[in-house]
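> Return a 3D structure for these sequence lines:
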Amino acid sequence: MAKATVLRLRRGTTAEHTSFTGAQSEVTHNTSTGRLHLHDGTTQGGIPLARLDELPDAGSGTVTSVDLSAPEGFDVSSQPVTGSGALTFTFANGYQAFTTAESERLELLDPSKVMKLETTIDYGTLTDV
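Below is the predicted model:
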């Protein structure tokens, strides 16, 4: 069986942490709170990190209103949504989208990509008859 490697961190009580400035990126264990402290080399006591049991549950809370704004060329209707519902996001009147193939064909209409043919016609010199 492979020999296990044990990682041990410096540890101390809250009182000991308040008088300790750890090296940059050093992590220590606060034995009073069970938290880890991340040190930056200057902050006395380091920055205490939250424990998982201290974080709020995902999905908790209440949303009372949802609204959406859109850039020019788009319309949003059925807003704001309060309680339940769906926002409708559409093109504004006069706007539309193109597939990649369609957009490549439209590039052919770009005047900067059209080959120009320039011809100079010399009519000679006009003389009075």
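
> need the helices for this protein, in chain order.
For the chain, the helices defined by DSSP state H cover 14-18, 100-107.

> comparing the ones you listed, which gets the lowest mean pLDDT score?
Ranked by mean pLDDT, these bottom out at helix 100-107, with a mean of 70.

> for the protein, what spans make up the strands?
With DSSP state E, the ranges of strands along the chain come out as 10-12, 27-30, 36-38, 47-48, 74-77, 88-91.

> Not counting the last one itself, show me its contacts.
For strand 88-91, contacts defined as C-beta atoms under 8 Å, 6 or more residues apart in numbering pick out 68, 70, 73-78, 97. In this view, the C-beta of every residue, glycine as well, is placed from N, C-alpha and C.

> Repeat that for the third one.
Taking C-beta under 8 Å, 6+ apart as the criterion, the residues outside strand 36-38 that touch it are 9, 17, 22, 25-30, 45-49.

> Can you give the distance from it to the centre of its chain?
Distance of strand 36-38 from the chain centroid (C-alpha atoms, centre = their mean, to the nearest Å) equals 27 Å.

> Give me the buried entries from the contacts of strand 36-38.
Neighbour-count burial (16 or more other C-beta atoms under 10 Å) applied to the contacts of strand 36-38 gives 17, 22, 26, 28, 30, 45-46.

> picking that back up, which two of the contacts of strand 88-91 have the greatest separation?
Farthest-apart pair in these is 78 and 97; separation 20.7 Å (C-beta to C-beta).

> what about these two, which has more around it?
Neighbour tally, residue 78 and residue 97, criterion other C-beta atoms under 10 Å: the higher count belongs to residue 78, 11 against 8.

> how close does that one sit to residue 8?
58 Å (C-beta to C-beta, to the nearest Å).

> Quick check: nearest residue in space to residue 17, chain neighbours excluded?
Spatial nearest neighbour of residue 17, excluding adjacent residues (C-beta to C-beta, 6 or more residues apart in numbering): residue 45 at 4.6 Å.
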